[in-house]
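Novice: Below are the sequence and a predicted model; questions follow.
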Amino acid sequence: MLDPNPKTFCSSPWFHMRIRTNGQLRYCRWHGDHKNSLVSSLTQDNFLDYFQKEMSDIRLRMLQGKTVSGCNRCLQMEQHGKVSGRERQLLKVGIQRNNFDKTFRSSPFYNEFQKSADNNGHTDLWPQDWQIDLGNHCNSNCVFCSPESSSRLAIEFKKLGLLDKMPLQNWSDDSDAVDRFVELLSQSKKITYIHFIGGETIITPGFKKILARLIEQGLNKTISIGFTTNLTVWDQSIVDLLTQYKEVNLGMSIECFHPINDYLRWPSKIESVESIAEKWIKIGKTHKWLMQFRTTPTVFSIAHLTTIYEYAYAHNIGVESCNFLDKPEFMRMSILPADIRKKISTELQDWINTKQLLLSKNKIINGRDPHLSNDYILQDALSYVDYLNNSPDETGSWPALVLYLKKLESSRGNSILTYAPEYEKLLRSSGY
């Protein structure tokens with residue numbers, strides 16, 4: 001009899017996979033333990049072999065109630081009341097975290113779980129839900145990003161001595177790899193959703209090519225497409241391709257509607273970002289796309305998070321983040337001193353209290369339901385109130401943050417003091 005741990009079990013390994021920017025295959029879009037993850041390469045191996053065989057150990061550990069090392073991000077989100085990737089994946093197979101035992105046994109995937117338990121974790125299923133990291137083609141140098149996700153940041157890091165060697169080639173630059181991937185997708189059983197991220201998807205050549213190839217295969221009529229854009233570029237030819245898909249999930253990356261967004265997502269300009277956001281929202285509403293703002297609150301943007309919530313609330317658009325920021329460690333919200341954290345959490349709570357909408361007693365997992373988006377926003381805001389009030393003290397990271405910012409500013413010619421003068425005393429005392 002199956003007896004998984006309701007606090008750690010995740011259904012994701014039975015239907016989901018991820019391709020990293022260099023073509024490596026990973027078992028989850030949320031996992032944060034890349035050093036100990038299973039690794040394969042799209043350019044060398046059939047992803048079906050990886051999914052059905054190499055991921056068997058992950059499935060078996062889930063069924064045995066054991067901890068999987070890469071699941072820490074989801075567990076941290078649940079600890080603070082934020083909807084985790086695990087909860088979203090459980091919902092896709094009818095499992096509710098707060099009613100786990102009953103819904104696990106009534107899940108339409110229960111027989112597949114049993115088959116895997118009887119066969120050392122093996123499954124005959126095919127991946128149905130994908131996250132595709134296309135590469136690091138990007139026109140932004142976000143201060144909290146990494147060279148693996150931004151070509152511009154990689155060049156800057158190399159120049160500043162922060163990077164020894166450039167990241168590996170983007171897999172989507174390889175035409176043969178793209179052709180092979182699309183061909184394998186066309187053979188896939190019951191594929192339902194593909195989400196693309198970059199770099200910046202709109203300027204990544206492989207994004208346009210894959211969209212067009214999927215249309216050639218007729219898959220645009222049966223699958224849902226998701227993608228994330230940083231709201232700095234517009235390409236009408238890509239919009240024209242997207243409108244041919246049966247369903248589109250639009251993710252719009254932004255930290256806040258405040259000038260500090262320009263510093264965090266350098267060299268963007270908030271006026272242009274807001275203008276492009278309005279264009280996407282207009283297209284999205286015309287075609288009834290699902291839309292979310294994607295934000296990654298940092299030490300400098302958390303005080304302005306309500307600007308995103310207020311805008312989204314007014315436009316009935318969701319707000320979603322993949323997880324609490326974990327790297328770089330010195331940009332976490334938890335490095336803020338206790339008095340500042342308390343001030344920001346109180347302001348967040350006060351904003352929540354201004355809304356008349358009553359939060360549901362039950363946790364809302366499906367943040368992409370437009371009928372629940374405002375409730376979901378308030379629920380998300382509460383998770384940051386909890387994080388600010390209860391996450392560990394990491395104030396010792398300020399000197400490392402200052403060293404990093406000073407290096408970046410030496411090539412960019414800007415200053416954090418222009419955007420966050422309220423932190424001048426704290427920054428100066430840490431060596432700025």
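Specialist: Looks like it came in fine.
Novice: now stretch 410-423, how far from the centre of its chain.
Specialist: Computed by CA atoms, centre = their mean, to the nearest Å, the separation of stretch 410-423 from the middle of its chain amounts to 27 Å.
Novice: Output the below-cut-off pLDDT ranges for the stretch 301-432 of the chain.
Specialist: 356-368, 370 (pLDDT under 70).
Novice: In it, mark out all the strands, start to finish.
Specialist: In the stretch 301-432 of the chain, the strands defined using DSSP state E, counting those that start in this stretch lie at 318-320.
Novice: so what does the helix or strand hosting Met252 touch, helix or strand wise?
Specialist: Using DSSP states H and E, Met252 sits within strand 247-253. Contact here means 3 or more CB pairs under 8 Å, 6 or more residues apart in numbering; DSSP states H and E; on that basis strand 247-253 packs against strand 193-197, strand 224-229, helix 270-286, strand 290-294. For glycine as for every other residue, the C-beta is placed from the backbone atoms N, C-alpha and C.
Novice: One more pass at 7 Å, please.
Specialist: strand 224-229, helix 270-286, strand 290-294 (3 or more CB pairs under 7 Å, 6 or more residues apart in numbering; DSSP states H and E).
Novice: Compute the inter-axis angle for that strand and helix 270-286.
Specialist: 170 degrees (axes from the mean of the first three to the mean of the last three CA atoms, to 10 degrees).
Novice: Next SSE downstream of strand 247-253?
Specialist: Sequence order places helix 260-264 as the next helix or strand after strand 247-253, per DSSP H and E.
Novice: need the helices and strands packed on strand 247-253 in CSV with distance to Val83, mean pLDDT and mean neighbour count, can you?
Specialist: Formatted as CSV, the helices and strands packed on strand 247-253 follow (distance: least, CB to CB, whole Å; pLDDT from 0 to 100; neighbours: other CB atoms under 10 Å):
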stretch, distance to Val83, mean pLDDT, mean neighbour count
strand 224-229, 16, 96, 22
helix 270-286, 21, 97, 15
strand 290-294, 12, 94, 22
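Novice: Include distance to Ile210 when you put these into JSON lines, please.
Specialist: Shown next, in JSON lines, are the helices and strands packed on strand 247-253 (distance: least, CB to CB, whole Å):
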{"stretch": "strand 224-229", "distance to Ile210": "10"}
{"stretch": "helix 270-286", "distance to Ile210": "20"}
{"stretch": "strand 290-294", "distance to Ile210": "20"}
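Novice: Which among the ones you listed is found nearest to Ile308?
Specialist: Closest to Ile308 of the helices and strands packed on strand 247-253 is strand 290-294 (CB to CB; 5.5 Å).
Novice: So which elements touch the closest one?
Specialist: If contacts are counted by 3+ CB pairs under 7 Å, 6+ apart, strand 290-294 sits against strand 247-253, strand 318-320.
Novice: Quickly run through the sheet partners of it, with directions.
Specialist: Each strand paired with strand 290-294, and its direction, by DSSP bridges: strand 247-253 (parallel), strand 318-320 (parallel).
Novice: Comparing these, which yields the minimum mean pLDDT?
Specialist: Lowest mean pLDDT within those: strand 318-320, a mean of 89.
Novice: Count the residues that sit near Cys175.
Specialist: Not Cys; residue 175 is Ser. 11 (other CB atoms under 10 Å).
Novice: and Ser224, bridged to which residues?
Specialist: Beta bridges link Ser224 to Tyr193, Glu247, judged by DSSP bridges.
Novice: Tell me which residue lies nearest the centroid of the protein.
Specialist: Centroid-nearest residue in the chain, with CA atoms, centre = their mean: Cys322, separated by 3.4 Å.
Novice: For that residue, which non-adjacent residue is spatially closest?
Specialist: Nearest residue to Cys322, sequence neighbours excluded (CB to CB, 6 or more residues apart in numbering): Trp30, at 6.4 Å.
Novice: Could I get the contacting residues of that neighbour?
Specialist: Going by CB atoms under 7 Å, 6 or more residues apart in numbering, Trp30 touches Arg73, Cys74, Gly85, Cys322, Asn323.
Novice: pLDDT score for the nearest residue to Ile225 once chain neighbours are set aside?
Specialist: Spatial nearest neighbour of Ile225, chain neighbours left out: Tyr245 (4.8 Å); criterion: CB to CB, 6+ apart. Tyr245 carries a pLDDT value of 96.
Novice: Tell me the secondary structure at Tyr245.
Specialist: Of the three states, Tyr245 takes coil under DSSP: H, G, I helix; E, B strand; the rest coil.
Novice: and the gap between it and Phe144?
Specialist: With distances taken as CB to CB, to the nearest Å, Tyr245 is found 31 Å from Phe144.
Novice: Then Tyr110?
Specialist: For Tyr110, the distance to Phe144 (CB to CB) stands at 40 Å.
Novice: quick one: which of the two has more around it?
Specialist: Neighbours were counted for Tyr110 and for Phe144 using other CB under 10 Å; Phe144 has more, 19 against 16.
Novice: next one: phi and psi at that one?
Specialist: For Phe144, the backbone dihedrals (degrees, to the nearest 10) come out as phi -100, psi 10.
Novice: The nearest residue to it once chain neighbours are set aside: neighbouring residues, count only.
Specialist: Computed as CB to CB, 6+ apart, the closest residue to Phe144 that is not its neighbour in sequence is Met331, at 5.0 Å. By the criterion of other CB under 10 Å, Met331 has 23 neighbours.
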